[in-house]
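Colleague: just a sequence and a predicted model for now, questions to come.
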Amino acid sequence: MSRSRNLSFYINQLTCRPEYLGEIRDAGFSSVCWVDSLEWFEMDLPHRRRKLAEARQLVESHGLAPLDYHLGTTGLIKQGDEVIATDVLAQRVEELQGFGIVNLVVHLRSVFGVEDADLLPYLDERGPAWLDDLLVEPLRAAADLAGQYNMRIALENIPHPHRRSVRDILEVIALADRSNIGICLDTGHTHICGFDLADEVRRAGDRLFTLHVHDNLGLRDRHLMAGLGTIDWPGFDAALDDVRYQSPIPFEGIRGIDDDHRLLHTAVIVWRAMERIDADR
Ligand SMILES: [Zn+2]
């Protein structure tokens, strides 16, 4: 174990409030990540840009930096019985330029408005290559635009066939062939799929752009605070060292202690303790 990594915390439009941001900073986080909320989709573009500008100002005035933005779309949508490609992802990149965001996180091989379970028959029947053919051009267009604004696109593993492993993500990355497309490894999703988290980190290598850190007992995606589940965190930290991961550690939607103040502080205290545990047991 080497250093204290910078920690980041996921907020949304509803939790981006002064008192809460102060708590996040005081607990020891240095940046925040943002996730689209449902209300967000109902706002028009000028309204969203105004809200984002306000949010950034509020975040920075509390001594926090923006880090990642978790988007709810890859640009693919279902129309009737068919899935079609749109330029929505590039539009979102355009909308988000200027807000200091490093990584735009999107779920691997997802279709807007289609639940994971409903996508499965399509993927099983037609194979992932069918979806990849559709998504590769919008993904490249969005990545090229993101590159102009110094942003990267990070594809996230989902606990679902064809979408759950680093290998699945690397297939899409190879196809898209852009240096600013990488991986957002969700630790909880990896764990419930039964993969060894440290192996997946090493497999991702320098394509590991960012993370979603949360814990579980290997069964349900419970989004527990790291330490309350059964993930080997010191082993994970050692693997991050091996791939020279330098970015912050974003905690995504963590639960396990009801009181916000105690949750934030305990999550950091436990994380720091785990950083100091030697992984070579
Ligand atoms: Zn996630």
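Modeller: Sure thing, it's come through.
Colleague: for the stretch 151-281 of the chain, which residues are neighbours of the ion?
Modeller: Taking Cβ under 5 Å from the ion as the criterion, the stretch 151-281 of the chain approaches the ion at residues 186, 212. Just so you know, the C-beta spots here come from the backbone N, C-alpha and C atoms, and that holds for glycine as well.
Colleague: where do the strands sit along the stretch 151-281 of the chain?
Modeller: 152-156, 181-186, 208-212, 249-251 (DSSP state E, counting those that start in this stretch).
Colleague: the first one pairs with which strands, and in what direction?
Modeller: Going back to what we said before, that points to strand 152-156. strand 103-107 (parallel), strand 181-186 (parallel) (DSSP bridges).
Colleague: give me the contacts around that strand.
Modeller: When contacts are defined by Cβ atoms under 8 Å, 6 or more residues apart in numbering, strand 152-156 is touched by residues 68, 102-108, 139, 142-143, 146, 169, 172-173, 178, 180-186, 189, 209-210, 212.
Colleague: from the chain, which residue is nearest to the ion?
Modeller: Nearest to the ion, among the residues of the chain, is residue 212, at 3.4 Å (Cβ to the ion).
Colleague: quick one, helices of this structure?
Modeller: Listed in chain order, the helices of the chain (DSSP state H) span 18-27, 38-42, 45-61, 88-96, 116-126, 128-148, 166-176, 187-192, 197-204, 233-242, 260-275.
Colleague: state the pLDDT value of residue 2.
Modeller: Reading off the confidence values, residue 2 has pLDDT 55.
Colleague: repeat for residue 165
Modeller: The predicted local confidence for residue 165 comes out at a pLDDT of 98.
Colleague: quick one: contacts for it?
Modeller: With Cβ under 8 Å, 6+ apart as the criterion, the residues that contact residue 165 are 157, 193, 195, 200.
Colleague: of those residues, which is the most crowded?
Modeller: In terms of neighbours by other Cβ atoms under 10 Å, these top out with residue 157 at 26 neighbours.
Colleague: residue contacts, it?
Modeller: 108, 163-166, 168-169, 183-186, 189-190, 193.
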